[in-house]
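Enquirer: Mind looking at a prediction? Sequence and model below.
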Amino acid sequence: MVVRGLHKTYPGTSVAALSDVELVVPRGTFVSLIGPSGCGKSTLLRAVAGLEGFDDGSITIFGATPEEACTAKSVGLVPQAPALLPWLTVRQNVELPHKVNRRADRRRAERERKHPVPSSPGLDAFADVDSLLDMVNLTDAADKHPGALSGGMQQRVAIARAFGLRPEILLMDEPFSALDEFTREALRLQLLTLWQRMRTTVLFVTHSVREAVTLSDQVVVMSARPGQVHEVIDVDLPRPRGADVLLSPQLHTIEDRVRASLQGAWEAGAAPVDLVAG
Ligand SMILES: Nc1ncnc2c1ncn2[C@@H]1O[C@H](COP(=O)(O)OP(=O)(O)OP(=O)(O)O)[C@@H](O)[C@H]1O
């Protein structure tokens, strides 16, 4: 996925939400977006999803425009609040998109024949709902309705459903932000395990440095006013990332680099553009 020179100013505002944003998310990688509040992370994600127009620049999702990718159902979105259908069970919620869109399933199978996902020998197993539910520890809750689940469990259902559709790119907009820290940590590790099996291309918005570094191949630090890419930091930690990696000094060193970059990004955007001019 490639973003070139993206500009976006919301009607009625004077400062650009996004200005000259450049971003490359290589196929099969996990990339996080992090930055101060208001730097345009959600705007960028929504533009990639085809939900938000932009004034200038381009977005190409493995050869398609966001609108084409949306029509082809090759973009997945996991929002902050899991959008589950309350009258369906967990299993039915995960199965539903396959039932209503068999054509997208066929397109996906064709795409995966052309671009086999690396290091995913067990990928086919995850097309089946039982394996997906098992991966997110929801086997025992398969026949329950969302109302009977905790917030963390509901978000796991949404994540299983999104990965099960195997989109070309999965956009995740702070999916754990409403959860307590303990649940968040557990879900982060489950997402890490799931992703390491599936290798779906992911663009992930977060406010958590720990989350970004633990999960990602690259962390994109954004600055605000206007929203721009401040720095791209490679997370060259080995995968799979087990306890040895997650507790390693290297991980803490990268976290410190991201924190320093965030400080620089905050300082870069701290003086509002219109005040600087005055
Ligand atoms: N619908 C809108 N109309 C006008 N301005 C908007 C709209 N949506 C967002 N903005 C502005 O665009 C800028 C970027 O907002 P956006 O929500 O993308 O930032 P963000 O980095 O996702 O913020 P946060 O981390 O707080 O979720 C902000 O200045 C915000 O006020």
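Expert: Happy to help now that I have it. The model shown is predicted, which means the values in this text are computed figures rather than measured ones.
Enquirer: How about stretch 137-156, which residues are buried there?
Expert: The neighbour-count criterion (16 or more other CB atoms under 10 Å) identifies 138, 141-142, 145-146, 149, 152-156 as the buried residues of stretch 137-156. For the C-beta atoms, the positions are set from N, CA and C on the backbone; glycine is no exception.
Enquirer: typo on my end, it should be stretch 257-272
Expert: 257-258, 261-262, 265-266, 269.
Enquirer: Can you give me the end-to-end span of stretch 195-213?
Expert: Between the opening and closing residues of stretch 195-213 there is a gap of 14 Å (CA to CA, to the nearest Å).
Enquirer: now it, how far from the chain's geometric center?
Expert: 6 Å (CA atoms, centre = their mean, to the nearest Å).
Enquirer: With stretch 45-65 instead?
Expert: Using CA atoms, centre = their mean, the distance between the centre of stretch 45-65 and that of its chain works out at 15 Å.
Enquirer: that older thread, including distance to Arg46 and secondary structure, could the buried residues of stretch 257-272 go into TSV?
Expert: Conversion of the buried residues of stretch 257-272 to TSV gives the following (distance: CB to CB, whole Å; DSSP: H, G, I helix; E, B strand; the rest coil):
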residue	distance to Arg46	secondary structure
Arg257	28	helix
Val258	24	helix
Ser261	24	helix
Leu262	22	helix
Ala265	21	helix
Trp266	23	helix
Gly269	20	helix
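Enquirer: Which pair of these spans the longest distance?
Expert: Arg257 and Gly269 (18.8 Å; CB to CB).
Enquirer: Out of the buried residues of stretch 137-156, which is nearest to the ligand?
Expert: Minimum separation from the ligand among the buried residues of stretch 137-156 (CB to the nearest ligand atom) is found for Gln155, which lies at 17.2 Å.
Enquirer: Assumed the closest one was part of a strand.
Expert: No. The assignment for Gln155 (DSSP: H, G, I helix; E, B strand; the rest coil) gives helix, which keeps it out of a strand.
Enquirer: Near the closest residue to it other than its chain neighbours, how many other residues are there?
Expert: Distances taken as CB to CB, 6 or more residues apart in numbering put Pro82 closest to Gln155, at 5.0 Å, once the chain neighbours are dropped. The local packing count at Pro82 equals 22, with neighbours defined by other CB atoms under 10 Å.
Enquirer: mind pulling up the phi and psi values for Pro82?
Expert: Reported as degrees, to the nearest 10, the phi and psi values for Pro82 are phi -70, psi 130.
Enquirer: How about the contacts made by it?
Expert: The contact partners of Pro82, by CB atoms under 8 Å, 6 or more residues apart in numbering, come to 146, 154-155, 157-158.
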